[in-house]
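*Asks:* Sequence and predicted structure below; questions after.
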Amino acid sequence: GLFQSQFNSNRGMGVFLSASDTFAANQATVNLNVSGTGGTNNFNSNGDAGVGFLLAGTAHGTAIASNATFNNSVNRGLHGANFLGDGFAVFLQGTAAAPPQATFNNSTLGDAVLNNTQLSSNAGSGFRMTTSLNGSSNGMTIRNATITNNTGNGVTFLRNAGILSAGPYIQNAVISGSTITGNLRGIDIASEFATGADSYSISGNTISNNRSHGINLFTQADADLTVTIDNNTINTNSGDGIRGTQNIGALDVSTMVGVVTNNTIRFNTQNGIDITALHQFNIGVNGALAVNSNTISNNTLDGIVITGSTIPLTQDRIISNTIRNNGNNGVTINSAGAESVVIQNNNALITAPGGQLGGINNNNGDGIQLNANGSRIVATVDSNDVLTNAQDGIQLLVSNTGASLLTANTVTITGNDVEDSGRRGINILNAANN
């Protein structure tokens, strides 16, 4: 273990741990413990990373680190393309064969109680994990850390992996209780290539004033991603508060599943939440009418915009939120294939922060806009207060569908209070095919 240690201003990394093995029976292992309650451990102004792990083949590694600073790393290119001047970096280079593979399991960065771990002002990311081939990680936890002013992202997870065996490759990763501000993206998560659902929990963080998106989610090819985002403050980022996109080919099936609850998402330069993917998202939770799940307000564009198709036999749910004062629409649903959504109980009985009324209100465009252009939408809009929006309260635009009886759009609107709209309360437009 390292206690009250100083690894500063080295041309290479402050500490570099490397292990390589090719036989499952051997499984070389390296472990690191950085902690202590006395003086801080410092890994500052080093080359390529303050601390770096390179695990190849079937090697294993773990790290427990707290009461430490990983600041001001520079990118000197001495350790390859996966160490870019990061505060703390892990590269898992597995094998092209089936498991076992390079693993980094049950590791923790940050103290359980004290906020005494800092990853700031690095040329790369504050924390970076990259997996290649069949490298994997289970149980990586980042907690109670200050991750600020990095030239790269605050936290980066890149699963660029998977050849012969299905994942998941990064599973049960946790980011909690941390301050993540002033970075490129606050949190950047990418799951790429082979099938398997990577899983993340993001809770109790302040993710603000980043130069792009607060939380960026991305899937590619056949990779799947599941994420829970709870009780975060995601404000004043120069992009979307939460963004999800994917890049897939005609034969690929990549899915993104999310649960977004109890967050404050405000004053972001683009949208509050922006999802463009094959997806299934629960934004808000079922509960008493007076329960405020998310506050999504004062974003420059839409409060929530979802584009794409829901995973077959699932539906998006937008329930018990405050969605107000956004620069365009409160909620926009753009079907690109087959979209199923329930928008329910977003109502004025909710008391949002500052004593403002809840519901879907005071947005500068439509309160709710549903679009089906050459695609299908099935929507239930129930028991919402849609108040004082500058354009339509609820708009449904259907165009170029060629819908048959089996694929017809179905929108059910019941029990809503739609008042004081700048144009129509409900506006239904059915445009002809050209």
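*Replies:* Perfect, thanks for sending it. Because the structure is a prediction, the values reported are computed rather than measured. Numbering: from 1, shown residues only.
*Asks:* residues contacting residue 199?
*Replies:* 168, 170-173, 225-227 (C-beta atoms under 8 Å, 6 or more residues apart in numbering). Where C-beta positions appear, they are placed from N, C-alpha and C, glycine not excepted.
*Asks:* Which strand residues bridge it?
*Replies:* residue 226 (DSSP bridges).
*Asks:* gap between it and residue 104?
*Replies:* As judged by C-beta to C-beta, to the nearest Å, residue 199 and residue 104 stand 15 Å apart.
*Asks:* Residue 133 too?
*Replies:* 14 Å.
*Asks:* Following element in sequence after the helix or strand where residue 243 lies, please.
*Replies:* Taking DSSP states H and E as the criterion, residue 243 maps to strand 242-247. Counting by DSSP H and E, the next helix or strand C-terminal to strand 242-247 is strand 256-261.
*Asks:* Quick one: low-confidence residue ranges for this protein.
*Replies:* 22-27, 36-38, 96-100, 161-168, 286-292, 349-356, 401-407, 432-434 (pLDDT under 70).
*Asks:* Quick check: residue 110 touching residue 68?
*Replies:* No - the criterion here is C-beta atoms under 8 Å, and residue 110 misses it with residue 68 at 9.2 Å.
*Asks:* Mutual contacts of those two, please.
*Replies:* With C-beta under 8 Å, 6+ apart as the test, residue 110 and residue 68 both reach residue 117.
*Asks:* Quick check, residue 14 in contact with residue 43.
*Replies:* Yes - counting by C-beta under 8 Å, residue 43 is a contact partner of residue 14 at 3.8 Å.
*Asks:* residues shared between the contacts of the two?
*Replies:* Shared contacts of residue 14 and residue 43, counting by C-beta under 8 Å, 6+ apart, come down to 7-8, 50-51.
*Asks:* Now these in CSV, please, with extra columns for neighbour count and secondary structure.
*Replies:* As requested, the shared contacts of residue 14 and residue 43 are exported to CSV (neighbours: other C-beta atoms under 10 Å; DSSP: H, G, I helix; E, B strand; the rest coil):
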residue, neighbour count, secondary structure
7, 20, coil
8, 15, coil
50, 31, strand
51, 27, strand
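*Asks:* could you redo those as CSV and give each row distance to residue 424?
*Replies:* Formatted as CSV, the shared contacts of residue 14 and residue 43 follow (distance: C-beta to C-beta, whole Å):
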residue, distance to residue 424
7, 65
8, 65
50, 58
51, 59
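*Asks:* hmm, which two among those are most spread apart?
*Replies:* Taking C-beta to C-beta, the two most distant members of the shared contacts of residue 14 and residue 43 are 8 and 51; they sit 12.4 Å apart.
*Asks:* what touches both of the two?
*Replies:* 14, 43.
*Asks:* hey, where'd the strands end up in the stretch 301-434 of the chain?
*Replies:* 304-310, 316-319, 322-324, 331-335, 338-344, 359-361, 368-373, 376-382, 385-387, 394-399, 410-414, 417-419, 426-431 (DSSP state E, counting those that start in this stretch).
*Asks:* The fifth one - contacts with which helices or strands?
*Replies:* Contact analysis of strand 338-344 by 3 or more C-beta pairs under 8 Å, 6 or more residues apart in numbering; DSSP states H and E lists strand 304-310, strand 316-319, strand 331-335, strand 368-373, strand 376-382 as its packing neighbours.
*Asks:* what would those strands look like in CSV with distance to residue 395?
*Replies:* Compiled in CSV, these are given as follows (distance: least, C-beta to C-beta, whole Å):
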stretch, distance to residue 395
strand 304-310, 14
strand 316-319, 16
strand 331-335, 10
strand 368-373, 5
strand 376-382, 11
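*Asks:* With mean neighbour count and distance to residue 34 as added columns, please give the ones you listed in JSON lines.
*Replies:* Putting the helices and strands packed on strand 338-344 into JSON lines (neighbours: other C-beta atoms under 10 Å; distance: least, C-beta to C-beta, whole Å) gives the following:
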{"stretch": "strand 304-310", "mean neighbour count": "23", "distance to residue 34": "41"}
{"stretch": "strand 316-319", "mean neighbour count": "24", "distance to residue 34": "42"}
{"stretch": "strand 331-335", "mean neighbour count": "24", "distance to residue 34": "46"}
{"stretch": "strand 368-373", "mean neighbour count": "23", "distance to residue 34": "50"}
{"stretch": "strand 376-382", "mean neighbour count": "21", "distance to residue 34": "51"}
